[in-house]
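**Student:** below is the structure, and that's it, no one-letter string:
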């Protein structure tokens, strides 16, 4: 059974940092891109960023560019480093794997984690 498990969320103040982890089991996704999305209450899923299979290339939403960094720690773990957090970054964060098509679209991803809550107080 393929599983993606996010962790590292929590309550922080504006300007603080958090590092989220996404650990996969059941298979590795070392040959596929992996993405991060977030969903705030009452809103649609929002693309945060994506990293390619080797970890050499990543792309980010304009809203997080320069503050968030995605990296591959190993074949089973992808990280999302979030710096200078803002109240508008508060959401449930999801990792997703194995996109087909547009990697900015949630519908392109076959595998999803259960999400981890990030809350940012002003």
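**Tutor:** Looks like it came in fine. What you are looking at is a predicted structure, and each value in this text was computed from that prediction instead of being measured.

**Student:** what is the neighbour count of residue 72?
**Tutor:** Neighbour count for residue 72, taken as other C-beta atoms under 10 Å: 19. Bear in mind the C-beta positions are built from the backbone N, C-alpha and C, glycine included.

**Student:** okay, the closest residue to it other than its chain neighbours: pLDDT?
**Tutor:** Distance criterion C-beta to C-beta, 6 or more residues apart in numbering; nearest residue to residue 72, sequence neighbours excluded, is residue 55 at 3.8 Å. At residue 55, the pLDDT value in this model is 88.

**Student:** how much space separates residue 55 from residue 12?
**Tutor:** 26 Å (C-beta to C-beta, to the nearest Å).

**Student:** contact partners for residue 21?
**Tutor:** Neighbour list for residue 21: 6-8, 73, 77-80 [criterion: C-beta atoms under 8 Å, 6 or more residues apart in numbering].

**Student:** out of the residues you listed, which is nearest to residue 109?
**Tutor:** Distances from residue 109 to these, taken as C-beta to C-beta, are shortest for residue 78 (12.9 Å).

**Student:** all the helices of the protein, residue numbers only.
**Tutor:** Taking DSSP state H, the chain contains no helices at all.

**Student:** where do the strands sit along it?
**Tutor:** For the chain, the strands defined by DSSP state E occupy 3-7, 10-13, 18-25, 34-39, 46-51, 58-60, 68-74, 77-82, 91-99, 109-112, 116-121.

**Student:** reformat the ones you listed as JSON lines; add mean pLDDT.
**Tutor:** Listed next are the strands of the chain as JSON lines, based on pLDDT from 0 to 100:
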{"stretch": "strand 3-7", "mean pLDDT": "97"}
{"stretch": "strand 10-13", "mean pLDDT": "98"}
{"stretch": "strand 18-25", "mean pLDDT": "96"}
{"stretch": "strand 34-39", "mean pLDDT": "97"}
{"stretch": "strand 46-51", "mean pLDDT": "98"}
{"stretch": "strand 58-60", "mean pLDDT": "97"}
{"stretch": "strand 68-74", "mean pLDDT": "95"}
{"stretch": "strand 77-82", "mean pLDDT": "97"}
{"stretch": "strand 91-99", "mean pLDDT": "96"}
{"stretch": "strand 109-112", "mean pLDDT": "96"}
{"stretch": "strand 116-121", "mean pLDDT": "98"}
